Each structure stands twice: as C-alpha cells, then as structure tokens.
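**Q** from the sequence below, what's the structure:
(4 chains)
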Protein chains: 2
Amino acid sequence: MGAGRSLFARHGYDGTSVRAITGRARANLGAITYHFGSKAALYHAVIASFTQPLRDRLSAAAASPGPPLDRVDAVVRAYFDYFAENPELPRLMLQHLSSGRGPPPPVIDIGRHLFRTLAAILAEGQFDDEIRPGHPALLATSIIAQPIFFNLLQPVLREVAAIDFANPKTREDVAEHAVAFVRAGIAPSLERPS
Amino acid sequence: MGAGRSLFARHGYDGTSVRAITGRARANLGAITYHFGSKAALYHAVIASFTQPLRDRLSAAAASPGPPLDRVDAVVRAYFDYFAENPELPRLMLQHLSSGRGPPPPVIDIGRHLFRTLAAILAEGQFDDEIRPGHPALLATSIIAQPIFFNLLQPVLREVAAIDFANPKTREDVAEHAVAFVRAGIAPSLERPS
DNA sequence: AGCGGTATCATACGTACGTATGAATGAACA
DNA sequence: TGTTCATTCATACGTACGTATGATACCGCT
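**A** Numbering: from 1, shown residues only, chains lettered A, B, ... in the order given. I've put the predicted structure just below:
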C-alpha cells in the first residue's frame, strides 16, 4: 500500500504497473489482486487513505473559533501542514484532476466539501463586512489554489528561486506567504471600522 | 495533430494510444510514426504548438506599457485569454507537471520563463513601492496559480457553483475576479502616496 | 504516358500490461 | 501430529500497446 501511494503519486495511474508496485513492495505479482481485488481498487484505497484525514482536518480548521478571516487562515495552514506530512498528495490530486478520469472518487468529493465549507465561511465574512464582496465560489477557488499550487510547484521553485521545501523553515515561510497573500486578497480594501 | 492535442489533453500521455489518435484523425496506424517519428515526438510537437504562442503572448503582456500592477494584470489576462482559446491547454500543462515525467520539455521552459518575467516585474514594483514586499518568486507563484487553477477547476465550478465557462460573459467575470484577487494580493496594504 | 517520390495502407512483431489459476507454504487449532 | 485456511508464489492467458515492414495509391513532373 505504501508502495502504491508513492508510485501512483509519482507516475500516475496509467504510468504505474501492478508489477512495479508489487516489486517495490517485495510482494508477489498477485498480491494486489488478492488483497484489493484489482489495481483500480487499490488506487481508490490509496486515494481514500489520503483524502479522508485531509477532509477531517480541513473540517476542523474551518470550524475553529475566531473571525472568518482567521478561519480561512486556518484552512490554508491545515492544507500546508497536511501536504508537508504527505508530500505525495498534491501530485496525486492534480494527477487525478487533470486526468479527467471518471467517475470521480473521493478526491472530487473532498474537493467539493472543502469548497462548500470555504464558501460558507466567506459568505459569512461578507455578511459581516470582514471579507471583500465577490462570488464566494470564486474566492474559494482563488484560496484553494494557493496551498495546492505551492506544493505542486516545489521542484520549479527549488530550481528557479532556490526555495527548498525540504527545509522546514522555508516551508513555514512559504505557508506564511500564502496565508498573507490570501488574507490580502480577501480582506476588505478599506480599513474596516472594527 | 488536432486529434493528438485533444486526446493527450484529455487522457494524458499514457492514457492516449497511437491507435486512438490515428483513429480519431481517420488516419492510418502508421501515420504518427511516419510523420513525427514516434508517439513521444508527436507529444512534444503538441506541447510546443501550445506553449510557443503562449510564451510569446505572455512576453508581450509583460512588456506592455504601464505601471507594474497593470502589467501583472495584463499577464493574468493573457493567460485567461489563451486558455479560453485553447481549452485543452491547462489540463495538458497540469498533466505534465503532475506526471513528474522528465526530462522537462518546453512546458517547464515556458513556466520558468514566465516565472522570471513575473518576478522581475514584481521586483521592479517593489522597488517603487507599488507592490507589497515579499519574495518575488513566491508572489509570482501565487499569481500564476490563479489563471491555471480556474481553468483547471472548470468542471468543479460548474457543478458546485453553476459557474459555466462556456458562457463568455461568465468567463470574463471569472477573469475579472482573478485579476482583482491578484491585484489585492500584491498591492501595498496602505494607501500609497501616489 | 510513364516515372519518382511521398503518403497511406494492412498487417506483423515483440513487449508489457492486468488478471486468473492452481500449487506451495505456514501458522492456528484440534 | 494432522487438518484447515488464509496467504504467497510461479506461471499462464488474453489484450493492447508502440513500432517496423513492405505493398499500394497518389500526384507533380518530363
């Protein structure tokens, strides 16, 4: 299963053969069929193993106390934290998203869940004039893009800007930047009356 | 070639067979080998056919007259425009990015180019206090994420928020939102003295 | 009309894939 | 110790892949 995680994330579904997974896991060729039923079933199990905890964490972050702006911060941070713990995940998500493979398993589901959660926070903040006006779904998309993209572009950032996510301090700085960018992007432009 | 474009974008490199492409193009199975040399060569040709014009457009947008903030706007808009004309492209880019397939062909190259260009504009703006402080490469990443992500999430947006990119007016609204979000994210937080 | 070169065609080859199959293994229990 | 049953194993099957091959069709030229 661990082998499936990293190989699916690195090479995608089509690019990962059952032989590669079982080889890496020093298991027999038939192991996947026996334990999961099929390659596709293993893939879905891998996806679920990643997304279930992420969904829980994001829900917790979204439900944290504090004003909407802070809760959005918490969501963005939760994303960064989870990606830091599971470096294969952003690739896996993007692989799936960009593959257009249907029907959409849990990845899409968690995406939608997060989407609605964020949009709800934003709408609430807009009601209180703590978040700038605008379509909540669009704002949510702009926000979600940050943690995902930064993690996806890790190799590019390392190469063109010597920004290395392997350094925890650097990763923290990047998360800080993303949070600040998002906050600036959604905060009301005028000083709010408090 | 047109068939290769759409099929590669829809199903990725591994997910697209030579037989599928030639079938769609109503050409013979050997056509790709004959005209391009190999499936990989066709793929690279497809990539290049997409990225070369994009690179030119982005360079032009980045070199447009006006203050840095406006030039960043122009870059974001150029992205949206090009994606509107070539709907398959964002998927193709993401497919490649998330596939981790090496060695990096033109996609990565154009990414780097755009990256440096944007970072230069940002650094210039920061020097003039027209753009908030922060690592230019990080800001550039945050910015690039917007057009790419919105185009990638098209289906999700349509489903959960009834935002349909097929409608030109809607697409324009989304681009408008992205530009505004980016501008808010990078503009100085205080009123600038002007 | 006849030729030369380019493109298209059907088809074959070797490889790799996901899955199926049945034998071997090993620990739990009587 | 003998039996059972879940797991591991080697191997086989059918399919689909990318590419190679040689024949055929097409077309501008003299």
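**Q** which bits of chain A sit near DNA strand C?
**A** A:16-20, A:29-30, A:32-33, A:38-40 (CB under 7 Å from any atom of the strand). Any C-beta I mention is one placed from the backbone N, CA and C, and that applies to glycine too.
**Q** what about those, which are in helices?
**A** Cross-referencing the residues of chain A next to DNA strand C against helices under DSSP state H gives A:18-20, A:32-33, A:39-40.
**Q** before we move on, back to that, select only the buried ones of the residues of chain A next to DNA strand C in PyMOL?
**A** Listed next is the PyMOL selection for buried residues among the residues of chain A next to DNA strand C, using 16 or more other CB atoms under 10 Å in any protein chain shown:
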select buried, chain A and resi 16+18+32+39
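**Q** tabulate the residues of chain A next to DNA strand C (TSV), appending pLDDT.
**A** What follows is those, written out as TSV (pLDDT from 0 to 100):
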residue	pLDDT
A:16	93
A:17	95
A:18	95
A:19	95
A:20	95
A:29	94
A:30	91
A:32	95
A:33	95
A:38	94
A:39	95
A:40	93
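**Q** of the residues of chain A next to DNA strand C, closest to chain B?
**A** residue A:16 (9.4 Å; CB to the nearest CB).
**Q** would you mind measuring from the closest one to residue A:48?
**A** 17 Å (CB to CB, to the nearest Å).
**Q** and residue A:21, by the same measure?
**A** The value you get for residue A:21 to residue A:48, if CB to CB is used, is 17 Å.
**Q** more neighbours: which of those two?
**A** The neighbour count for residue A:21 versus residue A:48, taken as other CB atoms under 10 Å in any protein chain shown, is higher for residue A:21 (25 against 16).
**Q** can you pull the contacts of that one?
**A** By CB atoms under 8 Å, 6 or more residues apart in numbering or on different chains, residue A:21 lies in contact with A:3-4, A:7, A:32, A:42.
**Q** and with 6 Å instead?
**A** Contact partners of residue A:21, counting by CB atoms under 6 Å, 6 or more residues apart in numbering or on different chains, are A:3-4, A:7.
**Q** out of those residues, who has the most neighbours?
**A** Highest neighbour count within the contacts of residue A:21: residue A:4, with 23 neighbours (other CB under 10 Å).
**Q** now check the host helix or strand of that residue, is it near DNA strand D?
**A** Here residue A:4, judged by DSSP states H and E, is contained in helix A:2-11. No. For a cut-off given as CB under 7 Å from any atom of the strand, helix A:2-11 has no contacts with DNA strand D; the smallest distance is 12.9 Å.
**Q** give me the mean pLDDT for that helix.
**A** Throughout helix A:2-11, pLDDT has a mean value of 86.
**Q** who's in contact with it?
**A** The list of residues contacting helix A:2-11 from outside it, by CB under 6 Å, 6+ apart, reads A:16, A:20-21, A:24-25, A:42, A:46, A:88, A:91-92, B:100.
**Q** let's have those residues in JSON lines, adding distance to residue B:113 and secondary structure.
**A** Output for the contacts of helix A:2-11, formatted as JSON lines (distance: CB to CB, whole Å; DSSP: H, G, I helix; E, B strand; the rest coil):
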{"residue": "A:16", "distance to residue B:113": "31", "secondary structure": "coil"}
{"residue": "A:20", "distance to residue B:113": "34", "secondary structure": "helix"}
{"residue": "A:21", "distance to residue B:113": "37", "secondary structure": "helix"}
{"residue": "A:24", "distance to residue B:113": "36", "secondary structure": "helix"}
{"residue": "A:25", "distance to residue B:113": "40", "secondary structure": "coil"}
{"residue": "A:42", "distance to residue B:113": "39", "secondary structure": "helix"}
{"residue": "A:46", "distance to residue B:113": "35", "secondary structure": "helix"}
{"residue": "A:88", "distance to residue B:113": "28", "secondary structure": "coil"}
{"residue": "A:91", "distance to residue B:113": "23", "secondary structure": "helix"}
{"residue": "A:92", "distance to residue B:113": "28", "secondary structure": "helix"}
{"residue": "B:100", "distance to residue B:113": "20", "secondary structure": "coil"}
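**Q** just the buried subset of these, please.
**A** A:16, A:21, A:42, A:46, A:88, A:91-92.
**Q** closest one of these to residue B:108?
**A** Lowest distance from residue B:108 to the buried ones among the contacts of helix A:2-11 (CB to CB) belongs to residue A:91, with 15.0 Å.
**Q** residue B:55 versus the closest one, what's the distance?
**A** 25 Å.
**Q** ranges for the helices of chain A?
**A** A:2-11, A:18-24, A:31-36, A:39-62, A:68-85, A:89-99, A:106-127, A:136-152, A:154-161, A:168-186.
**Q** chain B contacts on chain A?
**A** A:10, A:12, A:14-15, A:91, A:94-95, A:98-100, A:112, A:115, A:137-138, A:141-142, A:145, A:149, A:153, A:160-161, A:177, A:181, A:184-185 (CB under 6 Å from any CB of the partner chain).
**Q** list only those of those flagged as buried.
**A** A:10, A:12, A:14-15, A:91, A:94-95, A:98-99, A:115, A:137-138, A:141-142, A:145, A:149, A:153, A:160-161, A:177, A:181, A:184-185.
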